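# A structural model of the following input is requested.
(one chain, ligands or ions: 1)
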Amino acid sequence: MTGWKDKRKVMQRYDVTAEMYDERYAWEQKAKYKKALENVNVDGATVLDVGCGSGLFFSQVASQADMVVGVDVSRKLLLKAKEQTRAFQNAFVLQADADHLPFRDKIFEAVFAFTVLQNMPKPAQTLEELKRVVKFGGRVVVTGLKKAFPLDLFMDVLENSGLKLAAFLDDEAVNCYVAVLAA
Ligand SMILES: C[S@@+](CC[C@H](N)C(=O)[O-])C[C@H]1O[C@@H](n2cnc3c(N)ncnc32)[C@H](O)[C@@H]1O
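Predicted coordinates:
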């Protein structure tokens, strides 16, 4: 598994901070969801939330989507995400690495990864994996944490992905760039 030592450290860090995650980050994550959903239609879609954390995104999409699947490496955050799924019949979670998604090719209409790429040893490789599971005509949304990604590096990752940039949102008040890519 690529960079598994580093990934394990990341996983442990999120496990340790899981209890305070929502209190600390919910408001800023919700600003990113809003930007993304202004540009992606999830009505009736099969949605994948990669690095779903505590499942904050589920409540924003589950009522419109056909199905929402969240994956994450942090067991503690996933337990929180599992609690979120109880409010919906169509939301599911599983533990998996973003670089090795346990899904067949081209099965999701919309794939989201909010504030995840900065944790990945090779963001371009991760984006390749997101691209693998999205259907033709679907959307991949990734965000680039501004303090971790110089803009040119983030743009390079997007441009080399082979996906088409459909929208790029850079709001001063949001700590991530939000990129919507068309498959
Ligand atoms: C900043 S949090 C964002 C969580 C969530 N997307 C949100 O909007 O609140 C980053 C998430 O990425 C997850 N993550 C880190 N490395 C990962 C990997 N290799 N595979 C899957 N998830 C990973 C972390 O466990 C954490 O939940």
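# next SSE after the longest strand along the chain?
In the chain, taking DSSP state E as the definition, the longest strand is strand 134-145. Counting by DSSP states H and E, the next helix or strand C-terminal to strand 134-145 is helix 151-159.
# That following helix vs strand 134-145, what angle?
For helix 151-159 against strand 134-145, the angle by axes from the mean of the first three to the mean of the last three C-alpha atoms, to 10 degrees is 170 degrees.
# In terms of secondary structure, what does helix 151-159 contact?
Judged by 3 or more C-beta pairs under 8 Å, 6 or more residues apart in numbering; DSSP states H and E, the packing partners of helix 151-159 are helix 123-133, strand 134-145, strand 176-182. Placement of C-beta: from N, CA and C, glycine included.
# can you list these in CSV and add distance to D99, mean pLDDT and mean neighbour count?
Output for those, formatted as CSV (distance: least, C-beta to C-beta, whole Å; pLDDT from 0 to 100; neighbours: other C-beta atoms under 10 Å):
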stretch, distance to D99, mean pLDDT, mean neighbour count
helix 123-133, 5, 98, 19
strand 134-145, 14, 98, 21
strand 176-182, 18, 98, 22
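# From V134, how far out is the residue most central in space within the chain?
Nearest to the mean C-alpha position of the chain, by C-alpha atoms, centre = their mean, lies A113 at 1.5 Å. The gap separating A113 from V134 is 11 Å, by C-beta to C-beta, to the nearest Å.
# Go ahead and confirm the residue nearest to the centre of the chain touches G53.
No: using C-beta atoms under 8 Å, A113 is not in contact with G53, being 10.7 Å away.
# quick one: low-confidence parts of the protein?
Along the chain, segments meeting pLDDT under 70 span 1-2.
# Which of the residues in the lengthiest helix in it are classified as buried?
Determined from DSSP state H, the single longest helix within the chain is helix 21-37. Within helix 21-37, the residues that qualify as buried by neighbour count (16 or more other C-beta atoms under 10 Å) are 21-22, 25, 29, 31-33, 35-37.
# Export the residues you listed to TSV and append columns for distance to the ligand.
Below are these laid out as TSV (distance: C-beta to the nearest ligand atom, whole Å):
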residue	distance to the ligand
Y21	7
D22	8
Y25	6
Q29	4
A31	11
K32	7
Y33	7
K35	12
A36	10
L37	13
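# Closest to A91 out of those?
Ranked by distance to A91 (C-beta to C-beta), these are led by Y33 at 14.7 Å.
# can you pull the contacts of that closest one?
If you count contacts by C-beta atoms under 8 Å, 6 or more residues apart in numbering, Y33 has them with 56-57, 60, 114.
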